[in-house]
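[1] next comes the sequence, and after it the predicted model I'd like to discuss.
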Amino acid sequence: MNPYKVVLFDLDGTLSDPKAGITKSVQYALEKMNKAVPDEEKLESFIGPPLHVSFSEYCGFNEWHTQTAINYYRERFKRAGMYENELYEGIPNLLHTLNNQRFKLVVATSKPTVFAEKILTYFAIDHYFELIVGSQLDGSRSSKAEIIQFILDHYSEFEREEFVMIGDREHDLIGANQIGIDSIAVTYGYGSFEELMACQPTYFAESVAEVKEILLGRPNKQERKGDMLDESCPF
């Protein structure tokens, strides 16, 4: 029997492709701060991690400049960026199928909860999810481990073995590893295979169809792709 009861989905790069909205909002923020504005392709690293991490690491901003950049980013993102987004093919069907199979579906994203809720409503898939958990607008609860732990606390009647985290970046997998739950790394998003491989996910999925197969097909963990991975991830 499939052990999973609660399925956690990352949003950006897992349920939807947000590239245009995120990169254009980053460009807007950098332009407002009179900084060099890279091409959209060079800003893909902003897709997935918390914004304060991305602006700090990519741009070398201090705390004040980082918060200023985030404020400008949200100025455009609220107006247009969150809608410059599209669902990956097969996502509505996957969610419908999992709902019919009585899985409890949860969104676990580093994006502020208020934005995640609006995006899911825009795509008319919000009704599939029992819970939508993201970061706070003040920057708290932004790490994926904190978000996952909040969800586990909410579903305290379930064992850790009954949860699985699905995501496309190392932050999703590191968070799952830190909290002690299984994970599915999707390679159709924005994390490189090397990035995902280093953190030893429980499974790999190259498509939405493969996610469904893992969740419904009762795969044997001993034959998982994750067993072949490099052991360099510190978590």
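    In hand now; what should we look at? Numbers count the residues shown, from 1 in each chain.

[2] got a list of what the residue lying closest to residue 44 once chain neighbours are set aside touches?
    Leaving aside its sequence neighbours, residue 44 sits nearest to residue 190 (C-beta to C-beta, 6 or more residues apart in numbering; 5.6 Å). C-beta here means a position set from N, CA and C on the backbone, and glycine is covered the same way. Contacts for residue 190 were tallied using C-beta atoms under 8 Å, 6 or more residues apart in numbering; they are 12, 13, 19, 44, 47, 48, 168, 169.

[3] distance of residue 190 from residue 119?
    According to C-beta to C-beta, to the nearest Å, residue 190 stands 16 Å off from residue 119.

[4] now, of the contacts of residue 190, which are buried?
    Neighbour counting with 16 or more other C-beta atoms under 10 Å marks 12, 13, 19, 47, 48, 168, 169 as buried within the contacts of residue 190.

[5] just give me the least confident of these.
    Minimum pLDDT for the buried ones among the contacts of residue 190 is recorded at residue 48 (85).

[6] just the contacts of residue 190: which are in helices?
    residue 19 (DSSP state H).

[7] can you put the contacts of residue 190 in TSV and add distance to residue 71?
    Shown next, in TSV, are these (distance: C-beta to C-beta, whole Å):
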residue	distance to residue 71
12	20
13	24
19	22
44	22
47	19
48	20
168	27
169	24
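
[8] among the buried ones among the contacts of residue 190, which two are most distant?
    For those, the maximum inter-member distance is 13.4 Å, found between 19 and 169 (C-beta to C-beta).

[9] thinking again about what came up before, part of a strand, is the residue nearest to residue 44?
    No. Residue 190: not assigned to a strand; according to DSSP: H, G, I helix; E, B strand; the rest coil it is coil.

[10] can I get the helix or strand of the chain with the lowest mean pLDDT in PDB, CA atoms only?
    Lowest mean confidence among the helices and strands of the chain (mean pLDDT, DSSP states H and E): helix 51-59, at a mean of 91. Output of helix 51-59 as PDB, limited to C-alpha atoms (Å, rounded to 0.1, in the frame of the first residue of the first chain):
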ATOM      1  CA  LEU A  51      13.300  36.500  -1.900                       C
ATOM      2  CA  HIS A  52      15.600  37.800   0.900                       C
ATOM      3  CA  VAL A  53      18.000  34.900   0.200                       C
ATOM      4  CA  SER A  54      18.000  35.600  -3.600                       C
ATOM      5  CA  PHE A  55      18.500  39.300  -3.400                       C
ATOM      6  CA  SER A  56      21.200  38.900  -0.700                       C
ATOM      7  CA  GLU A  57      23.100  36.200  -2.500                       C
ATOM      8  CA  TYR A  58      22.600  37.200  -6.100                       C
ATOM      9  CA  CYS A  59      22.900  40.900  -5.700                       C
END
